[in-house]
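**Q** I'd like to go over a predicted model; first the sequence, then the structure.
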Amino acid sequence: MAPHAAARVSISGLYALTPDIGDTDALTVRVAAAIAGGATAIQYRNKTASPGLRLEQALALRGLCAVRGAVLIVNDDVDLASAIAADGVHLGRDDATIAEARERLGPQALIGASCYDSLVRAEAAVAAGANYVAFGSFFASAVKPDAVRADSSLLSVAKMRWNVAVIAIGGITAANAGPLLAAGADSVAVLSAVFGAPDVKAAAREIALLFIGDRPRFP
């Protein structure tokens with residue numbers, strides 16, 4: 001499938017990562033609330049669902065994001081991203097290569113790479129054609145409690161070196177995101193502080209508002 005006919009967009013602002021929810025209707029309701037609160041991008045990730053359920057949920061989110069004007073990225077799975085005509089895919093160290101993803105998804109796909117605490121990995125990702133690089137975890141994360149910790153200086157260096165979006169991830173909340181934005185983050189990737197909140201829309205808005213003002217946004 002060749003889903004990327006329109007000009008490529010970028011990742012900026014609140015990038016909401018979906019929780020593992022088996023009920024597709026409940027998932028779409030929560031994602032809709034996050035977008036209503038200001039999330040500009042959604043990453044579909046579900047580490048426990050069957051392939052059939054993942055396809056069902058990803059298709060539901062594809063339709064929702066298309067209607068609401070949000071970017072949809074699929075975590076890890078290039079085949080699923082292709083099957084649903086997602087805007088792109090996010091790749092970790094154990095996933096497909098950026099070159100493989102680009103060949104499968106086409107030139108307009110957004111391809112992001114987890115770089116953890118490594119500028120060397122980020123440099124390789126950018127050289128391979130990544131559209132954004134993600135660093136973290138910056139804070140303790142309930143989702144990945146054993147994740148390597150990163151320093152905010154990585155964000156500043158990455159912004160100086162490369163003309164791609166720079167994403168911060170890991171334990172980020174409205175209360176602690178400010179220094180990451182000041183260091184150069186174009187976007188913060190958040191799961192628990194949005195989808196773990198009693199009011200998803202309000203939680204998303206609190207983080208999204210941090211990006212409004214005079215601070216330049218990518219690109």
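**A** Happy to help now that I have it. Numbering: from 1, shown residues only.

**Q** could you check how many residues crowd around G38?
**A** When neighbours are counted by other C-beta atoms under 10 Å, G38 registers 19. C-betas here are computed from N, CA, C, even on glycine.

**Q** could you do L55 as well?
**A** Residues near L55, counting by other C-beta under 10 Å: 16.

**Q** what does R161 give?
**A** A count of nearby residues for R161, using other C-beta under 10 Å, gives 14.

**Q** tell me the pLDDT at it?
**A** If you check R161, the pLDDT there is 97.

**Q** might one say that it is in contact with E123?
**A** Yes - with contacts counted by C-beta atoms under 8 Å, R161 reaches E123, the gap being 7.4 Å.

**Q** residue ranges in this protein under the pLDDT threshold?
**A** Residues of the chain meeting the criterion pLDDT under 70: 1-9, 213-219.

**Q** what helices or strands is the helix ranked longest in the chain leaning on?
**A** Assignment by DSSP state H gives helix 51-68 as the longest helix of the chain. On a contact count with 3 or more C-beta pairs under 8 Å, 6 or more residues apart in numbering; DSSP states H and E, helix 51-68 meets helix 24-37, strand 39-44, strand 71-75, helix 78-83.

**Q** any idea what the residue nearest to A109 when sequence neighbours are not counted is bridged to?
**A** Using C-beta to C-beta, 6 or more residues apart in numbering and skipping the chain neighbours, the partner closest in space to A109 is G88 (4.6 Å). Beta-bridge partners for G88, by DSSP bridges, are I73, L110.

**Q** so G88 sits against L110, correct?
**A** Yes - using C-beta under 8 Å, G88 is in contact with L110, at 3.1 Å.

**Q** where do the helices sit along this protein?
**A** In the chain, the helices defined using DSSP H lie at 24-37, 51-68, 78-83, 98-105, 119-128, 153-161, 178-183, 192-195, 200-208.

**Q** closest to A168 out of the ones you listed?
**A** Checking the helices of the chain against A168 by C-beta to C-beta gives helix 178-183 as the closest, at 4.4 Å.
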